[in-house]
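> Turn this into a structure:
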Amino acid sequence: MKFTLAEIARHLKGKIIGNPNLSILGVSEIQNSHPNTITFFSNPIYKKYLSTTKATAIIVSNENLLDGKNGIVVSNPQLAMGETLKLFYPEKRKPHSGVHSTAILSDDVKIGKKITIEPRVIINEGSFIGDGSKIGSNSVVGENVVIGENCKIFPNVSIYDDSVIGNDVVIHSGTIIGCDGFGYVKYENVHKKIPQKGNVIIGDCVEIGSNCTIDRATIGSTVIGEMTKVDNLVHIAHNVKIGKGCILTAGFGIAGSTEVGDYCTFGGQVGVGPHLTIGNNTMVAAKSGVTKSLKGGKIYAGYPAREIEEHNKRLALINQISTLRKKVDQIIKKD
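Numbering: from 1, shown residues only. Next up, the predicted model:
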């Protein structure tokens, strides 16, 4: 595909700097750029590449960053780059193919219009698949499952009994929805299993990465709020409630019955303990451990997770102690 800089700017509703008739053939990274492409700058780490990039044009937030180069000025370059990628690489929509001959659907399964059910899918009794949804090869849908409209379930996904999935949900390969929560009680040195009889409810416009597990509730529901985005390798335990618009990045794990508010962000490999409450708009830095409830609207880091200012003060103190220890050792050696 080919677009002029002016055409891209109109698509982004941005301000053109330089030659509007430049021909742009694709998109490239600022650090690995190519001629006749457009790139973007938003992360200060990559500022050193602004002067050396081979890209024909750059999407920026401030005209001064271009320093005489061609570009487009927008309020959010990263968002604009996403829209530019959609322009150059539009999603290829295959026609809905119906139910493949090797798929196995129980007699009472209900399916909507314009659906695709790929080879070797199994859908069990009482389940419903909404209009426009696609179920990928080798996926298994349990009994009494509801999958809403325009969902995209990739191959090799398992959705256990009684799960409820909203509209416009994406679930990537290898993920399991609704497996048993880790519920046991110790009695006479034997771990007795507690039946897990709840379900999982996933809201609209949620995307779940590969190889995630979301446990069913013991009683009631494990809930993932609308618009939440879940990275690969995330574990969500039984009876957890995740609010809307949250970001859960790779390696995140959360223990049972904890409630997370809206628009929270958790860095990679964060662990959250059980029976806690996390307030709205909380941010937790990567590899932190949350052992107590957190107030919303703050940034936390470390183990145990503390407000980031307190965490940084403690790190600075540790470094000062280390420096002091070295000085003491030097004095002892002189004596």
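> okay, CA-based contacts and neighbour counts for the rest of this
Will do.
> Tell me where the chain has helices.
5-12, 77-88, 308-334 (DSSP state H).
> With respect to I247, which of the ones you listed lies nearest?
Across the helices of the chain, I247 has its closest neighbour in helix 77-88 (16.1 Å, Cα to Cα).
> hmm, back to that, could you export the helices of the chain as CSV, including distance to G297, mean neighbour count and mean pLDDT?
Converted to CSV, the helices of the chain look like this (distance: least, Cα to Cα, whole Å; neighbours: other Cα atoms under 10 Å; pLDDT from 0 to 100):
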stretch, distance to G297, mean neighbour count, mean pLDDT
helix 5-12, 31, 19, 97
helix 77-88, 23, 17, 96
helix 308-334, 12, 12, 82
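> Which of those helices sits closest to I171?
helix 77-88 (20.4 Å).
> That closest one: how far from the chain's middle?
18 Å (Cα atoms, centre = their mean, to the nearest Å).
> domains for the chain, by residue range?
3-88, 98-308 (automatic domain parsing).
> Pick the most buried one from those domains.
Greatest average neighbour count among those goes to domain 98-308 (a mean of 21), per mean count of other Cα atoms under 10 Å.
> end to end, how far does that domain reach?
52 Å (Cα to Cα, to the nearest Å).
> go on, stretch 48-63?
16 Å.
> in the sheet, who's paired with T277?
E259 (DSSP bridges).
> Quick check: the gap between it and I247.
With Cα to Cα as the criterion, T277 and I247 are 16 Å apart.
> before we move on, the earlier item: could the domains of the chain be laid out in a markdown table, adding distance to N319?
Converted to a markdown table, the domains of the chain look like this (distance: least, Cα to Cα, whole Å):
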| stretch | distance to N319 |
| --- | --- |
| domain 3-88 | 25 |
| domain 98-308 | 15 |
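> I'd like the helices of the chain laid out as CSV, including distance to F41.
Below are the helices of the chain laid out as CSV (distance: least, Cα to Cα, whole Å):
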stretch, distance to F41
helix 5-12, 15
helix 77-88, 7
helix 308-334, 27
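> Ok, which of the ones you listed comes nearest T213?
helix 77-88 (28.1 Å).
> what's next to that closest one, contact-wise?
With contact meaning Cα atoms under 8 Å, 6 or more residues apart in numbering, helix 77-88 is reached by 1-2, 8, 11-12, 26-27, 39-42, 59-61, 74.
> what's the spacing between the nearest residue to K2 once chain neighbours are set aside and A57?
Leaving aside its chain neighbours, K2 sits nearest to L25 (4.7 Å; criterion: Cα to Cα, 6 or more residues apart in numbering). L25 is 11 Å from A57, where distance means Cα to Cα.
> Over to N280?
Counting by Cα to Cα, the gap from N280 to A57 is 39 Å.
> Now do the lowest-mean-pLDDT helix or strand in the chain: distance to the chain's middle.
Least confident helix or strand of the chain, by mean pLDDT, DSSP states H and E, is helix 308-334 with a mean of 82. Relative to its chain's centre, helix 308-334 lies at 38 Å (Cα atoms, centre = their mean).
> who are the neighbours of it, in terms of helices and strands?
Secondary-structure packing of helix 308-334 (3 or more Cα pairs under 8 Å, 6 or more residues apart in numbering; DSSP states H and E): strand 299-301.
> Pairing partners for the strand it packs on, with directions?
Assessed with DSSP bridges, strand 299-301 is paired to strand 283-284 (parallel), strand 306-307 (antiparallel).
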